[in-house]
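> Sharing a sequence plus its predicted fold:
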There are 2 protein chains.
Amino acid sequence: MQAEVIAVGTEILLGQIVDTNSAFIARGLADAGIEVYYHSLVGDNADRLTTVVNQARSRSDLVVISGGLGPTKDDLTKQTVAHLLGVKLIEDAAAMKKIQQHFEITGREMTPNNRLQALYPDGSLPLKNETGMAVGAFYRDPDAADIMLLPGPPSEAEPMFEHQALPQIIAAYHRHEFLVSKVLRFFGIGESKLVTELSDLIDHQTNPTIAPYAKVNEVTLRITARATEKAVGEQLLRDMTTTIMARVGDYFYGFGDDNSLAQVVVNELIDRKLTITAAESLTAGKFQSTLGDVPGVSAVFPGGFVTYANDAKRDLLGIPQEVIDAQGVVSEATAKEMAERSRTKLNTDFALSFTGVAGPDSLENQPAGTVWLGLAQRGKAPMAKLVHFTGNRAKIRERSVLAGLDWLRRVLRDLK
Amino acid sequence: MQAEVIAVGTEILLGQIVDTNSAFIARGLADAGIEVYYHSLVGDNADRLTTVVNQARSRSDLVVISGGLGPTKDDLTKQTVAHLLGVKLIEDAAAMKKIQQHFEITGREMTPNNRLQALYPDGSLPLKNETGMAVGAFYRDPDAADIMLLPGPPSEAEPMFEHQALPQIIAAYHRHEFLVSKVLRFFGIGESKLVTELSDLIDHQTNPTIAPYAKVNEVTLRITARATEKAVGEQLLRDMTTTIMARVGDYFYGFGDDNSLAQVVVNELIDRKLTITAAESLTAGKFQSTLGDVPGVSAVFPGGFVTYANDAKRDLLGIPQEVIDAQGVVSEATAKEMAERSRTKLNTDFALSFTGVAGPDSLENQPAGTVWLGLAQRGKAPMAKLVHFTGNRAKIRERSVLAGLDWLRRVLRDLK
């Protein structure tokens, strides 16, 4: 079973909007265990659309097309597909009624081309559009590849695909198999190193499959298992997870597609009722703002300091001018002072500090990317750590924040 | 002259990430007057990539491919293309040096596959990667379609396309014409409103062309003119800019592809030697961190306060508990107190404050998205402004920061 995805629209062809439908559709097909090898994109042009659809039909069992079902003269996907299939377009009564009602309610004049939205290729199953006017279609062809038509706007295509199309696809092609998957997230290890550590597993993968993905500043692994019983698939996932964790578990910080280092750290603080603050120089509030991304953080984060200039370090935190003068502002001593003094001022359990060279210029003869992190903990002596980053100013600041979060994650883990 | 765009990557094929490179590339090609009729997308698979590249070469003059230049085993775009062209891969010395330096500086172990990123097909022009490791390539084929290779991550593909690839494309295919373009950036006006205001200009565009793009939280217009003399093209741009500014100039904040509201505001402060601080509640440091993105900000930004909890507003800023109790923390009075007290504490010319409901829960019976901004200015009474945003927590915080920046931009503009 193999499917192919086509997006239609001159606006997306010219890059004026980004096609997100194809990714959405491909994800749903992958979850349903249907293989996809090609996506294509064409403008609203009957000849080129015909070329692309015929090619897709020649190598796949199902072709899912989004776009070009609207009322304007540019929209010609269903006319083109009906012509290619040698069938007429017929009217869907429910869709027609919805269109008429819309014009009655809004008091706007209904033009003849609005009727077009209720048409679909004869012999198809019409697919209801919950959030728009244009009806979709699922055409099953006993002699060639099936065709599915979806509208272009993601606000219409996504619900139609999820609620109408996907259930039809599963009913039509499902092989009585369950597909289960799990995402493992890693920080502090590059994609190439992770892949090297797991190369034998990746090379010999069959079931489960292991797919590494380099994200911005982190790497994820998606493990996917197939089985005729769900519990069997889940056991396969658990076993593979154990094997992977034994090798690279030190860099693992959490599960899930929708997770982040900040979420893991903040939720750990909330669970343990441990409070935090920060004093930030080069990051200028980015660490605290990242904590602020996580709902519920107010329970553990009262606020903190942005001490960009030396005067602010002295005036807001009370760091002695002598420390800055003698050790430098990008120094172990200053990082420790910033962390401990901010922690004391807000009486929290932890404090992080960030002082370094964001660039592009060097500072105190230290090159851009030189960063001291400080970590203060109630009842313990403050610690500091020197790190070096490459990249531009934005990257250096971003990586500083993540390094701080990861340090705190490890300290919290080792508290256990 | 016809080009075709191909994206490579199993992750995008399966819909785990959305391909934005193809749209970015298509837009640049369209601006350069090069027609694009097809985009394709394949996974990291040599056979299918070969099929797609050969097909594209059979019907186009230039094939622009992004993705698959990385260091993992999955990445095989340049190996596949070199094989298809019948050339070897050779090493780019500059790229190799950058890779080695990265591993030296970060102290991470360099694995052999990292060297792969410095290779490119023999006979190509290597394209420098400003923001990453993998070198790109432009292969000109006297007998068949040319091929351009770009990296997959948009943070690398976009600058490489814009700064390296596009100038090469224009030099290669538009030898006798100058193409000049200008980007105008707008904040506080939606794309549909902007397009409506300029509809006659957009409908009748020939030279210059006008292309509106909806970005996150802003809209840009790219005006592109072609002429046999550069000065003529630039005059066309200036005339069109004047026409556009007469209609929507109030929302205009700056020129350039690589610009932002923060850059415009910070550079204005630097030029005028005016200093700034902030006190942030719901934004939790995001405003200050955004100022920190701009190089040179240290001249005007000493630091500031993150006062997330009420206690921090009282303890760090000295806001009387009675004000908070009587007016509420999300109130005009609190916003003004936060702005004025932070300004006084750091003795700056300006201070911004942010207090509101980031969500998902409501606060003080005010729904998520309710935000008070405060603005204090030396020698003037502090001001406050109530704004309402929709969207999730991240959007509300981001839009609050931008609203603050835009307010400050307008205040600075009206100082003149």
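That came in fine, so what should we check first?

> For the closest residue to chain B within the stretch 51-200 of chain A, which non-adjacent residue is closest in space?
The nearest approach of the stretch 51-200 of chain A to chain B comes at A:Ser192, 4.3 Å away (C-beta to the nearest C-beta). In this view, the C-beta of every residue, glycine as well, is placed from N, C-alpha and C. Using C-beta to C-beta, 6 or more residues apart in numbering or on different chains and skipping the chain neighbours, the partner closest in space to A:Ser192 is B:Pro71 (4.3 Å).

> Contacts only, for A:Glu229.
A:Phe178 (C-beta atoms under 8 Å, 6 or more residues apart in numbering or on different chains).

> Tell me the spacing between it and B:Asp315.
58 Å (C-beta to C-beta, to the nearest Å).

> Next, give phi and psi for the closest residue in space to A:Lys193 that isn't next to it in sequence.
With C-beta to C-beta, 6+ apart as the criterion, A:Lys193 has its nearest non-adjacent residue at 6.3 Å, and that residue is B:Thr111. Dihedral pair for B:Thr111: phi -90, psi 160, per degrees, to the nearest 10.

> any residue of stretch A:332-340 up close to chain B?
No - using C-beta under 8 Å from any C-beta of the partner chain, stretch A:332-340 stays clear of chain B, coming no nearer than 11.2 Å.

> okay, that stretch in PDB with CA atoms only?
This file holds the C-alpha atoms of stretch A:332-340, laid out as PDB (Å, rounded to 0.1, in the frame of the first residue of the first chain):
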ATOM      1  CA  GLU A 332      33.800  32.300  37.800                       C
ATOM      2  CA  ALA A 333      33.600  34.700  40.700                       C
ATOM      3  CA  THR A 334      31.100  37.000  39.000                       C
ATOM      4  CA  ALA A 335      28.900  34.100  37.900                       C
ATOM      5  CA  LYS A 336      28.800  32.700  41.500                       C
ATOM      6  CA  GLU A 337      28.100  36.200  43.000                       C
ATOM      7  CA  MET A 338      25.300  36.700  40.500                       C
ATOM      8  CA  ALA A 339      23.700  33.400  41.200                       C
ATOM      9  CA  GLU A 340      24.000  33.500  45.000                       C
END
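
> Please identify the buried residues of that stretch?
A:332-340 (16 or more other C-beta atoms under 10 Å in any protein chain shown).

> quick one: strands adjacent to the one helix or strand A:Tyr213 maps to?
Assigned by DSSP states H and E, A:Tyr213 belongs to strand A:209-215. With DSSP bridges as the test, strand A:209-215 is paired with strand A:218-227 (antiparallel).

> Show residues contacting the partner strand.
A:33, A:177-187, A:189-191, A:194, A:198, A:207-213, A:233-234, A:236-237, A:240-241, A:244, A:261, A:402, B:16.

> A:Val401: what's it in contact with?
A:283, A:286-287, A:290, A:354.

> How much space separates it from A:Phe389?
Counting by C-beta to C-beta, the gap from A:Val401 to A:Phe389 is 11 Å.

> What of A:Asp44?
To A:Phe389, A:Asp44 is 46 Å away according to C-beta to C-beta.

> repeat for A:Leu194
In this structure, A:Leu194 and A:Phe389 are 19 Å apart, going by C-beta to C-beta.

> just to revisit the earlier point, what about the residue nearest to A:Lys193, how many residues nearby?
When neighbours are counted by other C-beta atoms under 10 Å in any protein chain shown, B:Thr111 registers 16.

> Just to check, it is in contact with A:Thr196?
Yes - at 5.4 Å, B:Thr111 and A:Thr196 qualify as touching, with contact defined as C-beta atoms under 8 Å.

> Give me the common contacts of those two.
With C-beta under 8 Å, 6+ apart, B:Thr111 and A:Thr196 have no common neighbours.

> ok so, going back, among the contacts of strand A:218-227, name the ones in strands.
Applying DSSP state E to these, the entries found in strands are A:178-186, A:209-213.

> Just the buried residues of these.
Buried by 16+ other C-beta under 10 Å: A:180-186, A:210-213, out of the ones in strands among the contacts of strand A:218-227.

> out of those residues, who's nearest B:Asn310?
A:Arg185 (34.4 Å; C-beta to C-beta).

> so the closest one sits right up against A:Asp257, yeah?
No - taking contacts as C-beta under 8 Å, A:Arg185 lies outside contact range of A:Asp257: 9.2 Å.

> Enumerate every residue touching A:Phe138.
A:124-125, A:127, A:146-149, A:165, A:168.

> try it again with 10 Å
Neighbouring residues of A:Phe138 by C-beta atoms under 10 Å, 6 or more residues apart in numbering or on different chains: A:62, A:64, A:120-121, A:124-127, A:146-150, A:164-165, A:168-169, A:172.

> so what's it bridging to?
Following DSSP bridges, A:Phe138 is listed with bridge partners A:Leu125, A:Met148.

> Quickly note the distance from it to A:Thr20.
A:Phe138 is 21 Å from A:Thr20, by C-beta to C-beta.

> now A:Ser342
Distance from A:Ser342 to A:Thr20, by C-beta to C-beta: 42 Å.
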